[in-house]
Each structure stands twice: as C-alpha cells, then as structure tokens.
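>>> Model the following, please.
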Amino acid sequence: MKKIIFIYSLILSSICYGQATKEEIKTIFNEEAIKMQDSVKKTLKLQIDSLKEFILNNLEDTEDHVGKIEFRKGTHIAVYEDNKKFKTTHAFDKTTGNCNCPDTYYAVKHWWRKKCVCKTLPIELVDSLHIDSMYFRIKDGDILEVQVIGKMKGSGSKLKFSNQNSPILLTSERFGKKDRLRGDVQQNRFVVLNEIVMYTAYESFFPDDAKFSLGKSHSYTFKKSSGINSMLDIKLYTDALGVFGGKANGIAQTEIIGKFAVGRKGLANTGIRFFKFVGFNINATKFDSKLAYAPLDSNFTRTEMFQKNWFSAETFFTPISGWLARTSSDYWYLNLGCGVDLSEIASSKDTSTTLSTFITSQIGAQFDISNNAGFNLSVKGIAHFNPQTNDLGYGPLDVYYIRPQAMIYWFPAKNKTSRIFARATFIRNASEIKENFVQVQFGYSMLLSSKIK
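Residues are numbered from 1 along each chain as shown. Model prediction:
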C-alpha cells in the first residue's frame, strides 16, 4: 500500500511541476504495474506451493499410512564397545552406610546384607561413525534385518553394523529402547538403532512388508499391513489313505484357518514375542459312507470316534514365539487353544451325533526354504472330552492324544494367493499305545485378502 501511494505521489509531482509528459507518466505507471504483478505472482506461487505441501502431508497421514521412519539430526553417531575389563569391588562403609566407589565405578547397595558392590560400566564410548546409508527388511511388524553402512571418524574404509541377535519390533515404544547393531568386523563394537533413526506411529496397525534403503536425508512411510499372516487360508484336500487305502480318513476335506498378527510386545535385543497371533481353525470332512460311523459295540474306541469327526472348530492364540535364525523369517511358536468337534456314533437301533470338547497345546516351527516354498513341523497335545459316551459306558470321560505333523508347501506362481501342499500326521492315544492312526493329505490352498492381487 505504501508503494502505491509513493507511485501516485511521484506522478502528481511530475504533473504539477511540468517535469514529465503524459507518455512518460504512462510509461512509469506501466513499469511499476508490471513489477507489482511479478511480485504478486511470486507471493501467490509461494502460498500455493505451501498449501500443496500442507495438503499432501495431511493426505499422507490420513490414508493407509501407519508410521514413518527417518534419520535423526546429526551426521555422526556414537560407537560403543563392550567393556572386557568389567570388574567389581566391595567398598561398604559400615560407619556411614555409604558406598565408597571410585569415580569410574557405579554403586549397587545391598542393605539387607550390609554390602556394597562397585562395578565398572559394562560399555564405553570408543569412536563415532559417519553414516552413508541404511538398509531395512520388514516382515509381520518386525525389522528382520537392518544394516548401517558408514565410515569411522578418520578412517577411509567402510564398516557395517547389523542386528545380529534378534529382529526389532517396529513400534514407537520399542524405538524408545536401546537395540544394538553389532559390527561385522569387530562384534564387540555396536551402535544403537534409536540414536540413528526415529519411528513416528500414525496408527496402531501392523506396517506392510517392505524392503528399502534409506539415505541420510530421506524417510520412509509405511502402509497398513496386508501380509499373509492377516488373512484366511482355505484348504481343499483329500487323504491318500482314505482314497486308496480304504481307511477311515476323509476323502474330501475343507479347512479354513484364520490367523491374525496382533501382538506388539517383545523383549529388547531378543527374538522373543508375546501374544503375536490369534486365530481359528474350522474343518469339515466327507467320509466314505461305510466308514462314517463309530459303532457302539465291544470294539468301540474313543480313538476311532475321534478319527471319524466330520466337523471341528478351534480358536487359538500364541502366547510366545521367537526367532529361529539370524535375519530370517523362520520362527518357533507355542499355540494354546480350545474347541469342539462332532462325530457320528451308531448303536444297534439308530445313529446320532455326539459333541466333544477339547483343549490343545502346540509347539512348532515355520521355515521358509525359498521365496515360493517352505515347511512346518509341529507337535500338538490334545485333551479330548466326551460325556455322552462316558455315560453310556464306552470309554473314559477324557482321552489324551499326541499329534506330530509335518507339512510342506509350494507356490507354483509368483502370486502367493495359491499354493500346493502335502502333510503327514500321526495321531496316538497317549494311554492306549495300540490306538493310533496316520493321515497323509495333499491338496490346494487359497490365501484370501482384499489387498492381495
């Protein structure tokens, strides 16, 4: 506004004192108008760019994004070393009740024993690292592998630090702890992950599986997970012994497994996870009509009835699981569950459906052989209860089974929504050694998720 007043004052003074013609005044006015237009354009462009950046940033936070990982400020980070000279000394002053520890020690008091222990620090700062880049591999909410590449201060050779001990949970809470990345040359030296990068969580969902590199001035935004552990697995299969061997195994079976990753808790610098998965398992079986019933006669066994159940439903959770191999997706797990199953029993007069309940505990291990193949080994304990047959005088109320199982699967295409599998199962009555049976199954598995194409 002041500039406009100045221009008009200049024009009026020129007219009044006859120092400018009309053409000269017109030229002055046009030049100033052009300058003002350019200034307004620049201002508007800056405002539009700022608004655009604001909108994009807000859209980024409100879509399917669950968090962002980025470098902290500073070009150098601390390198620590395990203190091999870790020593203790006792220096309890009985008169004052205080610890007389040297300056380089820290004190631990044991009042109940009237004892004081002075300890040296278990780690010490030895150097600093200039970071060039980082590499991340994410699966099921864990950082399976993270590598830091850089140079020591005053050194020209590159060094690498990585998570050699365990995967790292991708949560804000975990990034508040000190996860150590060990050196590939000197493994007693390490850097601390949360001193290098920070993780900002937008949502509590699991992040999507990803592989990416991170430069010093870059960040990476994670999307909501659509991994294969958060979906339905539908299996259609048959039993080789049922089809070709005439055994009382299902000739056509359908199994629906829902497994969902929900737990975000774990121990720092270990591969231990707590309550990571919950799920359910539903199974329906079609038998040969001649073998579909368990007859209530002198030869009746609970194992035969258990073998001939045509429907079962189970829910389970994973109280604890852990890492099996360094920078690998292989893991072990413990599942606890409970459920019901239905079987047909036949008396001399008619047939009826009997309901059984069961409690399960299962320990197993999952291995990925390659990108399109893997196998699973497990042992399951089953406590099986059936009041009806017990009331009729056929067997005890509770029977216990042990079920070792091995399964191998293969994805014939790059798309992991379908796979071919085979598995062998041995079921043994824990109290009656002679009461056992074997299943040899093969079929097709479909993984369902709205985000997998």
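>>> so where is the stretch 51-200 of the chain shaky, pLDDT-wise?
Across the stretch 51-200 of the chain, the ranges flagged by pLDDT under 70 are 51-64, 74-75, 83-97, 102-117, 119-124, 154, 156, 165.
>>> ranges for the helices of it?
Here the stretch 51-200 of the chain has no helices by DSSP state H, counting those that start in this stretch.
>>> isn't residue 213 right next to residue 137, touching?
No: assessed by C-beta atoms under 8 Å, residue 213 is found out of contact with residue 137, at 10.5 Å. Backbone N, C-alpha and C define where each C-beta goes, glycine included.
>>> More neighbours: those two, which one.
Just comparing residue 213 and residue 137: by other C-beta atoms under 10 Å the higher neighbour count belongs to residue 137, 17 against 12.
>>> List the beta-bridge partners for that one.
Residue 137 has the following beta-bridge partners by DSSP bridges: residue 145, residue 211.
>>> Use 13 as the first number for this chain going forward.
Let's use 13 as the start, then, which means that last one is residue 149.
>>> Three-state assignment for residue 253, please.
helix (DSSP: H, G, I helix; E, B strand; the rest coil).
>>> so who does the nearest residue in space to it that is not next to it in sequence touch?
Nearest non-adjacent residue to residue 253, counting by C-beta to C-beta, 6 or more residues apart in numbering: residue 259, 4.2 Å away. Each residue near residue 259 by C-beta atoms under 8 Å, 6 or more residues apart in numbering is listed here: 251, 253, 303, 449.
>>> And the pLDDT for the third one?
Put plainly, it is residue 303. Residue 303 is assigned 79 on the pLDDT scale.
>>> My guess is it contacts residue 316. True?
No: using C-beta under 8 Å, residue 303 is not in contact with residue 316, being 9.8 Å away.
>>> Common neighbours of the two, please.
What both residue 303 and residue 316 touch, as defined by C-beta under 8 Å, 6+ apart, is the set residue 260.
>>> Can you tell me which of the contacts of residue 259 has the most neighbours?
Neighbour-wise, these (other C-beta under 10 Å) top out at residue 251, 24 neighbours.
>>> For the nearest residue to residue 391 once chain neighbours are set aside, pull up the helix or strand it's in.
Nearest non-adjacent residue to residue 391, counting by C-beta to C-beta, 6+ apart: residue 416, 4.9 Å away. Using DSSP states H and E, residue 416 sits in strand 410-422.
>>> Next SSE downstream of that strand?
Using DSSP H and E, the first helix or strand after strand 410-422 is strand 430-441.
>>> how about the CA coordinates for the helix or strand just after that following strand, as CSV?
Later in the chain than strand 430-441, the nearest helix or strand by DSSP H and E is strand 448-460. The C-alpha trace of strand 448-460 is given here as CSV (Å, rounded to 0.1, in the frame of the first residue of the first chain):
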residue,chain,number,x,y,z
ASN,A,448,-3.3,-94.7,16.7
PHE,A,449,-3.8,-93.7,13.1
VAL,A,450,-2.0,-91.9,10.3
GLN,A,451,-3.2,-89.3,7.8
VAL,A,452,-1.4,-88.5,4.5
GLN,A,453,-3.0,-85.4,3.0
PHE,A,454,-2.4,-83.4,-0.2
GLY,A,455,-4.3,-80.5,-1.8
TYR,A,456,-4.7,-76.9,-2.7
SER,A,457,-4.6,-73.8,-0.5
MET,A,458,-6.0,-70.4,-1.2
LEU,A,459,-5.0,-67.3,0.7
LEU,A,460,-7.8,-64.7,0.8
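>>> outside of strand 448-460, which residues touch it?
In contact with strand 448-460 (C-beta under 8 Å, 6+ apart) are residues 240, 243-253, 259-261, 265, 315, 319, 421, 428-441.
>>> Tell me which residues of that strand come out buried.
For strand 448-460, burial by neighbour count (16 or more other C-beta atoms under 10 Å) applies to 448-449, 451-453, 455, 457, 459.
>>> Likewise for stretch 332-341?
So, applying 16+ other C-beta under 10 Å, buried residues of stretch 332-341: 332-335, 341.
>>> now, among those, which is nearest to residue 325?
residue 333 (23.1 Å; C-beta to C-beta).
>>> Excluding sequence neighbours, find me the nearest residue to that closest one.
Closest to residue 333 by C-beta to C-beta, 6+ apart is residue 345, at 4.0 Å.
>>> In this structure the one you found contacts residue 378, no?
Yes: in terms of C-beta under 8 Å, residue 345 counts as a neighbour of residue 378; the distance is 7.2 Å.
>>> what's the neighbour count on residue 82?
14.
>>> what are the bridge partners for it, then?
According to DSSP bridges, beta-bridge pairing links residue 82 with residue 210, residue 231.
>>> wait, doesn't it sit right on residue 209?
Yes: with contact defined as C-beta under 8 Å, residue 82 counts as touching residue 209 (6.4 Å).
>>> what packs against the longest strand along the chain?
Among the segments of the chain that qualify as a strand by DSSP state E, the longest is strand 363-382. Counting contacts by 3 or more C-beta pairs under 8 Å, 6 or more residues apart in numbering; DSSP states H and E, strand 363-382 is packed against helix 314-319, strand 323-335, strand 343-358, strand 385-397, helix 399-403.
>>> CA atoms of the shortest one as CSV?
Output for helix 399-403, consisting of C-alpha atoms alone and laid out as CSV, is shown next (Å, rounded to 0.1, in the frame of the first residue of the first chain):
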residue,chain,number,x,y,z
PRO,A,399,-19.6,-87.0,28.5
GLN,A,400,-22.1,-88.9,26.3
THR,A,401,-20.0,-92.0,25.5
ASN,A,402,-18.8,-92.0,29.1
ASP,A,403,-22.4,-92.0,30.4
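>>> ok now it, how far from the chain's centre?
The chain centroid and the centroid of helix 399-403 are separated by 44 Å, computed with C-alpha atoms, centre = their mean, to the nearest Å.
>>> Arrange the helices and strands packed on strand 363-382 in a markdown table, one row each, with mean pLDDT and distance to residue 203 as further columns.
Formatted as a markdown table, those follow (pLDDT from 0 to 100; distance: least, C-beta to C-beta, whole Å):
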| stretch | mean pLDDT | distance to residue 203 |
| --- | --- | --- |
| helix 314-319 | 88 | 55 |
| strand 323-335 | 93 | 20 |
| strand 343-358 | 93 | 26 |
| strand 385-397 | 93 | 33 |
| helix 399-403 | 85 | 61 |
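>>> Among those, show me which one is buried the most.
Of all the helices and strands packed on strand 363-382, helix 314-319 carries the top mean neighbour count, a mean of 22, counting by mean count of other C-beta atoms under 10 Å.
>>> and that one, what other elements does it pack with?
Identification of packing neighbours for helix 314-319 by 3+ C-beta pairs under 8 Å, 6+ apart yields strand 343-358, strand 363-382, strand 410-422, strand 430-441, strand 448-460.
>>> Dump it to CSV, keeping only the CA atoms.
The C-alpha trace of helix 314-319 is given here as CSV (Å, rounded to 0.1, in the frame of the first residue of the first chain):
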residue,chain,number,x,y,z
ARG,A,314,-12.6,-93.2,21.5
THR,A,315,-9.7,-93.0,19.1
GLU,A,316,-11.9,-94.4,16.3
MET,A,317,-14.6,-91.8,17.2
PHE,A,318,-12.0,-89.0,17.2
GLN,A,319,-10.7,-90.1,13.8
